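J.: When you get a sec, could you give me coordinates for this:
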Amino acid sequence: MALRVRSVLIDARNRVAASERLAAARGRCLSLAAQELRGPGLALMAQAAQMLPGPRREGEETPLEGVAQQLLRLADDLADFATEPSPRTLHEAPALLGPVVDAAIAAVAAQIRPGRRHWQVDPGLRSLTVKADRRALEGALAALLRRAARHSRDGDVVALRHVLGAETVAIVVEDEGDGLPAHDLVMDAAGPVAGTRGLDLGLTLARSLAAAHGGDIRLESAPGIGARAWLTLPRERLMEVA
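T.: Below is the predicted model of the structure:
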């Protein structure tokens, strides 16, 4: 009996070690891919700047710059995946959402230059306090804002508000962008990460951050009208309503 227990324990340790090696290898591959993408992205940005040396209107972006920005954003998403711990460990503490929202907006606003969005934040959202890993929550929210910025235009409004439900509290991000066809947002349970069809890597990571808090990411969209993203958390994480 003792030998059998020992054999089971050894087998379990070996499985854990193999899983850790696989995760480490995945991280190294993603980091290398991110580095490889940044090189062409930066080169294209420099080439675009040389092709149009004259003055341009604020927020104007050439097609070449758009491609370069897509490469750089993909590199950032891959780098985020490479550093994501598995399983994720949360460092939970009371987090006032006002500073979390401001930090996420500042990060995304810096990434979309040239160009700007009008960020409208409901004061009620700012006053909420939740028990969460602030860094993880900020990362998940930034992914939603980044998606809204990518699918909207210079000068468009991106609005943030909250919705209190019986069992959940949600941060809602609404944009005036191009939206996505409904079939691209169908929840698909197949594969290792459910419900990611039509989502970019940043949103897939955001979903994992929300799931670590017991929450989820949900998207609604109408082509030509815009989109609405929901970052939901369990209602018991809400600590204060001002």
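
J.: Next one: residue 235 from residue 202, what distance?
T.: Note on residue 235: its distance to residue 202, by CB to CB, to the nearest Å, is 26 Å. (Glycine included, C-beta is placed from N, CA and C.)

J.: Looking at the two, which one has more neighbours?
T.: residue 202 (24 against 14; other CB atoms under 10 Å).

J.: Quick check, pLDDT for residue 121.
T.: The score at residue 121 is 97. That number is its pLDDT.

J.: Spatially nearest residue to it, not counting backbone neighbours?
T.: Closest residue in space to residue 121, ignoring its immediate chain neighbours: residue 160 at 4.8 Å, by CB to CB, 6 or more residues apart in numbering.

J.: quick one: the strands in the protein?
T.: 93-96, 118-121, 129-132, 157-164, 168-175, 216-222, 226-234, 238-240 (DSSP state E).

J.: buried sites along the first one?
T.: Across strand 93-96, burial judged by 16 or more other CB atoms under 10 Å covers 95-96.

J.: now do the longest one
T.: Under the neighbour-count criterion of 16+ other CB under 10 Å, strand 226-234 has 226-233 buried.

J.: biggest helix in the chain by residues?
T.: The residue-count maximum for a helix in the chain (DSSP state H) belongs to helix 2-51.

J.: still on that earlier bit, surely the residue nearest to residue 121 is in contact with residue 120?
T.: Yes - Residue 160 is within contact range of residue 120, at 7.0 Å (criterion: CB atoms under 8 Å).

J.: before we move on, the earlier item: next, work out how far apart the residue nearest to residue 121 and residue 235 are.
T.: 19 Å.

J.: same question, residue 76
T.: Relative to residue 235, and taking CB to CB, residue 76 is found at 32 Å.

J.: Residue 136 contacts residue 208, correct?
T.: No - Residue 136 lies out of contact with residue 208 (CB under 8 Å); the separation is 9.3 Å.

J.: Next, the contact list for the residue most central in space within the chain, please.
T.: In the chain, the centroid-proximal residue (CA atoms, centre = their mean) is residue 143; its distance is 2.5 Å. Taking CB atoms under 8 Å, 6 or more residues apart in numbering, we find residue 143 in contact with 202-203, 205-206.

J.: try 6 Å this time
T.: Counting by CB atoms under 6 Å, 6 or more residues apart in numbering, residue 143 touches 202-203, 206.

J.: ok, of these, which one's closest to residue 167?
T.: For these, the residue nearest residue 167 by CB to CB is residue 206; the value is 20.6 Å.

J.: Quick check: chain neighbours aside, which residue is closest to that closest one?
T.: Residue 206 sits nearest to residue 143 (CB to CB, 6+ apart), 3.7 Å away.

J.: how close does the one you found get to residue 225?
T.: Separation of residue 143 from residue 225 (CB to CB) stands at 21 Å.

J.: With residue 157 instead?
T.: Going from residue 157 to residue 225 by CB to CB gives 13 Å.

J.: again with residue 239
T.: Going from residue 239 to residue 225 by CB to CB gives 35 Å.
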